[in-house]
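K.L.:
Sequence first, then the predicted structure:
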Amino acid sequence: MKRRDFITLVGGAAAWPVVVRAQQGAMPVIGFLHSASAATYSHLLAAFRKGLSDAGFVETQNVAIEYRWSEGHNDRLPALAAELVRQQVAVIVTPGSTAATLAAKVATSTIPIVFLSAVDPVKTGLVAALNRPGGNVTGISDIGVELVAKRLGILHELLPGAARFAVLVNPDNPAVTETFVTEAQTAALAIGRQIEVFTASTNRGIDSAFATLVKKRTDAFLISTDALFITRRVQLVTLAARHAVPAMYFRREFAEAGGLMSYGSNLMDQFRLSGIYVGRILKGEKPAEIPVQLPTKFEFVVNLQTAKLLGIEVPVTLLARADEVIE
């Protein structure tokens, strides 16, 4: 080999993609795919990295992460997933974004995928069974959609005289939205109420939905278990307070931001578990043989400050059941 060619070869190696160097044994590369934005998920990313660390992997030390965020545009997810597949990452993780999980599953049947999904992973075709997922997909199911009846029941207990209930859903996430609406309608029928569906997939759409919701004199509403709404949580709780409309949310992050109540599993713990699952796969376990994890604990949070602002007296029975009361 000529000296000039050798220098060119060595110099070019510095510009090789991280994934190529990883394939040669430097470090594995994780593809992180999500429908939200990094800015609103910083605390959850820290939990994910904690899980990786618990499994023996530290970013930049012995593992690299390629982040892909669709910034609330689910239509961008297929291209982002395909990009990660072309880079031949070792595993793709899609924590808290069902739309991202489905896009990744379409993009590859060989690269392991670790999900954190709000919908039943068997019904949506992500896995064959919870105990033995089969294929290249496994992860954590927070059964968030299936808790709609529980959330509506708590809201009804708080406001027994409420007649007009509503749900806000993201039309760009049909896998979650269709199941959520069905569950909500069934739950409303069980308590002798009807429920109206409002849709929004942008900031402007949320403002418009609230304007209509208020115009129709909605007594209370629920939010669909959607990553988009976690990203827009400050906007949502601000509008709910401004228009004095009581709401039940699916994550404690909403109650901490000023929302009235929340009921659901702990998202930070599930992001940590996602990191652990990724670590297990990086160590050689097959996703087909790793059981899907279900939540074992649910949190009921009441923001008493917001209740007082809305002029609502929370029954002692509800406060006694709350895991946390924000005063």
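P.N.:
Ah, there it is. Numbering: from 1, shown residues only.

K.L.:
so what's Ile290 up against?
P.N.:
With contacts defined as Cβ atoms under 8 Å, 6 or more residues apart in numbering, the neighbours of Ile290 are 133, 138, 277, 280-281. Backbone N, C-alpha and C define where each C-beta goes, glycine included.

K.L.:
ok, now how distant is it from Phe115?
P.N.:
The gap separating Ile290 from Phe115 is 12 Å, by Cβ to Cβ, to the nearest Å.

K.L.:
Quick check: neighbours shared by the two?
P.N.:
Between them, Ile290 and Phe115 share these contacting residues under Cβ under 8 Å, 6+ apart: Thr138.

K.L.:
Tell me who's in contact with Ser265.
P.N.:
Neighbouring residues of Ser265 by Cβ under 8 Å, 6+ apart: 142-144, 295, 297-299.

K.L.:
can you give me the helices in the stretch 101-250 of the chain?
P.N.:
Applying DSSP state H, counting those that start in this stretch to the stretch 101-250 of the chain gives helices spanning 148-158, 174-190, 203-215, 227-231, 233-242.

K.L.:
Contacts for the fourth one next, please.
P.N.:
When you say that, I think you mean helix 227-231. For helix 227-231, contacts defined as Cβ under 8 Å, 6+ apart pick out 34-37, 40-41, 72, 96-97, 99, 168, 170, 172-173, 201, 223, 236, 251, 253-254, 267.

K.L.:
now these: which count as buried?
P.N.:
By neighbour count, with 16 or more other Cβ atoms under 10 Å, the contacts of helix 227-231 hold 34-36, 40-41, 72, 96-97, 99, 168, 170, 172-173, 201, 223, 236, 251, 253-254, 267 as buried.

K.L.:
those strands in the stretch 201-327 of the chain, which residues are they?
P.N.:
Per DSSP state E, counting those that start in this stretch, the stretch 201-327 of the chain carries strands over the ranges 220-223, 247-249, 261-264, 299-303, 324-326.

K.L.:
Could you point out which residue ranges in the protein have low pLDDT?
P.N.:
Scanning the chain for pLDDT under 70 picks out the ranges 1-25.

K.L.:
Spatially central residue for it, please.
P.N.:
Here the mean C-alpha position of the chain is nearest to the C-alpha of Gly96 (Cα atoms, centre = their mean), at a distance of 2.3 Å.

K.L.:
which ones are touching that residue?
P.N.:
Listed by Cβ under 8 Å, 6+ apart, the contact partners of Gly96 are 34, 36, 41, 44, 116, 118, 227, 230, 267, 270-271.

K.L.:
try 6 Å this time
P.N.:
116, 227 (Cβ atoms under 6 Å, 6 or more residues apart in numbering).

K.L.:
Could you do Phe221 as well?
P.N.:
Residues near Phe221 by Cβ under 6 Å, 6+ apart: 166, 247.

K.L.:
That one pairs with what?
P.N.:
Judged by DSSP bridges, the bridge partners of Phe221 are Ala166, Ala247.

K.L.:
Can you tell me how far it is from Val169?
P.N.:
Going from Phe221 to Val169 by Cβ to Cβ gives 11 Å.

K.L.:
got it, and Gly144?
P.N.:
Going from Gly144 to Val169 by Cβ to Cβ gives 13 Å.

K.L.:
Pull up the overlap in contacts between these two.
P.N.:
Counting by Cβ under 6 Å, 6+ apart, no residue touches both Gly144 and Val169.

K.L.:
Now do stretch 35-54: distance to the chain's middle.
P.N.:
Centre-to-centre, stretch 35-54 and its host chain are 11 Å apart (Cα atoms, centre = their mean, to the nearest Å).

K.L.:
for stretch 96-107, same thing?
P.N.:
Stretch 96-107 sits 11 Å away from the centroid of its parent chain (Cα atoms, centre = their mean).
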